[in-house]
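Student: here is a sequence with its predicted model. Questions after.
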2 protein chains.
Amino acid sequence: MVPPMSETATVADARPYHHGDLRRALIDAARRILENEGPGALSLRAVAREAKVSPAAPYHHFKDKGELLEAVAHEGWDALGDAMGAGLETAATERDRMSAIGVAYVEFARDNPALYRVMYDRSRDKDELPEQMQMDNDGAYCMVRDALRAKNPGSNDMDVELATIAAWCAAHGLAEMLSFKQFEPLKAELGGEEAFMRAVLEHLGMFAKVASPGT
Amino acid sequence: MVPPMSETATVADARPYHHGDLRRALIDAARRILENEGPGALSLRAVAREAKVSPAAPYHHFKDKGELLEAVAHEGWDALGDAMGAGLETAATERDRMSAIGVAYVEFARDNPALYRVMYDRSRDKDELPEQMQMDNDGAYCMVRDALRAKNPGSNDMDVELATIAAWCAAHGLAEMLSFKQFEPLKAELGGEEAFMRAVLEHLGMFAKVASPGT
DNA sequence: CAGCTATCTAAACGGTGTCAAGATGATCTT
DNA sequence: AAGATCATCTTGACACCGTTTAGATAGCTG
């Protein structure tokens, strides 16, 4: 990807110092370790090793290990938002939007389990969702809310907000449990993981109307 | 609790060896650390310290740190099952059962956040729910399934199974996000955390009928 | 060129999980 | 009762971890 980096460094890149862009390289190294060896192998020293620098080098770009994980998680949320957006595009009708987003969400978690775990571990440590998911900051959260509003015109704002949160909780819960062994017979019976996923999401009310019948 | 343990040890307890029952003491020490200092402080050495024993002592009772956490998690699942059972008892009618169980579940997670985290971390590492939650082994899972079946007589088995899983995912998702800062304004508007919790659970379809309208 | 500052390395500190070897004490056999 | 046995616990070590300090290095500014 990057040329061997040597000689007189005539390349016009932003290559301010010795390494080039170590911050970028460290984040990439972390994601590589995450994919190949899982979250348990993600030590700061291992990241430094992967990036071929000393164990102390990262401290010039991140306050501590947490800040590096924060950066990794941040890119993860970006990617998740992109995946949800791409899913949204596949929806044929307005009514399919919620389903499409939900499937995209859970599939992202299934395909990037280690990254997804880092993302939520960080969130739980800080007790808050990242900026991309905040209510006022038009990101993925608003994508879901808009899809719900489009599907249920005339519902009051509070109900839409609650339904959005509920959908998020539901998708997260399913995302964390989808790979549990207990469900394998059920998956087989339904004809595959995708079918199982859609069936559970359906029961979760993600595709239902906003107005709750109970109250 | 236990007398200073000394003298001639005339007590008739099962006190097979030097310490008494170190396995028990280690699990208790771990839970104490978990409550007082959070999951980040739960090192095997800290547990040994808390139990006033050398760092290597636990290895005579647990294969490794994971096995100790496993034991802690196991007791956590027992406690969660008890809490759900207790919640179930408070339900006035059959139709209230799902609501009562769901509230009990989320409240348990809120009141024992560190323990709940250890429980699910272990589960995700092994990619399976513990025995208490398995489909054939009449535990908490069956409690939920029975409540759903009672509420929706005549629904087919597959639908009940899927609805049970969906409810579980929903409760777990909410349990992990309940304390996120983003929701505080909403909680205030609804008049407290409990109200917020019930409102989200309601939108999650936990109280809805099993039969899905979509298909 | 000199000086400065950002960047990186080397070395060290206390903490961790884990293991091997030895001490200790309860139990069992004779 | 004496000795042998075995589970239990301690000591000490190893490699790894996150983090800090001090010093080397290289690019930029004057």
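Tutor: All right, it came through fine.

Student: can the longest helix seen in chain A be said to contact DNA strand D?
Tutor: In chain A, taking DSSP state H as the definition, the longest helix is helix A:65-89. Yes - under the criterion of CB under 7 Å from any atom of the strand, DNA strand D is reached by helix A:65-89 at A:65-66. All C-beta spots, glycine's among them, are computed from the backbone N, C-alpha and C.

Student: could you chop chain A up by domain?
Tutor: Domains of chain A are assigned by automatic domain parsing as A:20-62, A:71-203.

Student: next one: the longest one, is it in contact with DNA strand C?
Tutor: I take that to be domain A:71-203. No - Domain A:71-203 does not reach DNA strand C (CB under 7 Å from any atom of the strand); its nearest approach is 14.5 Å.

Student: centre of the chain to that domain, how far?
Tutor: 9 Å (CA atoms, centre = their mean, to the nearest Å).

Student: in chain A, which spans are helices?
Tutor: So, for chain A - with DSSP H - the helices run A:22-37, A:44-50, A:65-89, A:97-111, A:113-126, A:140-151, A:157-177, A:184-190, A:193-203.

Student: check what pLDDT residue A:131 gets.
Tutor: We have a pLDDT of 91 for residue A:131.

Student: from chain B, how far out is the closest residue to it other than its chain neighbours?
Tutor: Spatial nearest neighbour of residue A:131, excluding adjacent residues (CB to CB, 6 or more residues apart in numbering or on different chains): residue A:137 at 5.7 Å. Going from residue A:137 to chain B by CB to the nearest CB, to the nearest Å gives 10 Å.

Student: wait, isn't residue A:41 in contact with residue A:33?
Tutor: Yes - in terms of CB atoms under 8 Å, residue A:41 counts as a neighbour of residue A:33; the distance is 5.7 Å.

Student: what angle separates the longest helix of chain A from helix A:97-111?
Tutor: Here the directions of helix A:65-89 and helix A:97-111 differ by 140 degrees (axes from the mean of the first three to the mean of the last three CA atoms, to 10 degrees).

Student: of residue A:41 and residue A:33, who's got more company?
Tutor: residue A:33 (20 against 12; other CB atoms under 10 Å in any protein chain shown).

Student: contacting residues for the more buried one?
Tutor: Residue A:33 is in contact with A:41-42, A:46-47, A:50, counting by CB atoms under 8 Å, 6 or more residues apart in numbering or on different chains.

Student: with residue A:35 instead?
Tutor: Here residue A:35 is in contact with A:112, A:114-115 (criterion: CB under 8 Å, 6+ apart).

Student: for residue A:63, phi and psi?
Tutor: phi -60, psi -40 (degrees, to the nearest 10).

Student: where does pLDDT dip in chain A?
Tutor: In the predicted model, chain A carries pLDDT under 70 at residues A:1-18, A:206-215.

Student: let's see that with 50 instead.
Tutor: A:1-16, A:212-215 (pLDDT under 50).

Student: could you confirm whether the longest helix of chain A reaches chain B?
Tutor: No - using CB under 8 Å from any CB of the partner chain, helix A:65-89 stays clear of chain B, coming no nearer than 10.8 Å.

Student: re earlier: out of the helices of chain A, which one sits most buried?
Tutor: A comparison of these by mean neighbour count, using mean count of other CB atoms under 10 Å in any protein chain shown, puts helix A:157-177 on top with a mean of 23.

Student: that one close to chain B?
Tutor: Yes - among the residues of helix A:157-177, A:158-159, A:161-163, A:165-166, A:168-174, A:176-177 lie within reach of chain B under CB under 8 Å from any CB.

Student: which one of those residues is nearest DNA strand C?
Tutor: residue A:176 (24.0 Å; CB to the nearest atom of the strand).

Student: quick one: the closest one from residue B:75, how far?
Tutor: 21 Å (CB to CB, to the nearest Å).

Student: before we move on, what about residue A:30?
Tutor: 34 Å.

Student: then residue A:194?
Tutor: Separation of residue A:194 from residue B:75 (CB to CB): 36 Å.

Student: what do you get for residue A:129?
Tutor: 31 Å.

Student: repeat for residue A:171
Tutor: Counting by CB to CB - residue A:171 and residue B:75 are separated by 30 Å.

Student: ok, now residue A:54?
Tutor: Distance of residue A:54 to residue B:75, computed by CB to CB: 43 Å.

Student: repeat for residue A:26
Tutor: Counting by CB to CB, the gap from residue A:26 to residue B:75 is 40 Å.

Student: next: residue A:133.
Tutor: Distance of residue A:133 to residue B:75, computed by CB to CB: 34 Å.

Student: do the same with residue A:146
Tutor: From residue A:146 to residue B:75 the distance is 44 Å (CB to CB).

Student: over to residue A:159?
Tutor: 40 Å.

Student: so which of the contacts of residue A:33 is the closest to residue B:61?
Tutor: residue A:41 (27.3 Å; CB to CB).

Student: check contacts around residue A:88.
Tutor: A:97, A:100-101, A:104, A:143, A:147.

Student: closest to DNA strand D out of those residues?
Tutor: The closest of the contacts of residue A:88, once distances to DNA strand D are taken by CB to the nearest atom of the strand, is residue A:104, at 31.7 Å.

Student: the closest one: what's its closest spatial neighbour, skipping adjacent residues?
Tutor: Residue A:104's closest residue in space is residue A:87 (CB to CB, 6+ apart), at 2.7 Å.

Student: also residue A:144?
Tutor: residue A:164 (5.1 Å).

Student: from memory that neighbour sits against residue A:146, does it?
Tutor: No - in this structure, residue A:164 is not within contact of residue A:146 by CB under 8 Å, at 9.3 Å.

Student: find the nearest non-adjacent residue to residue A:86, please.
Tutor: residue A:104 (6.6 Å).
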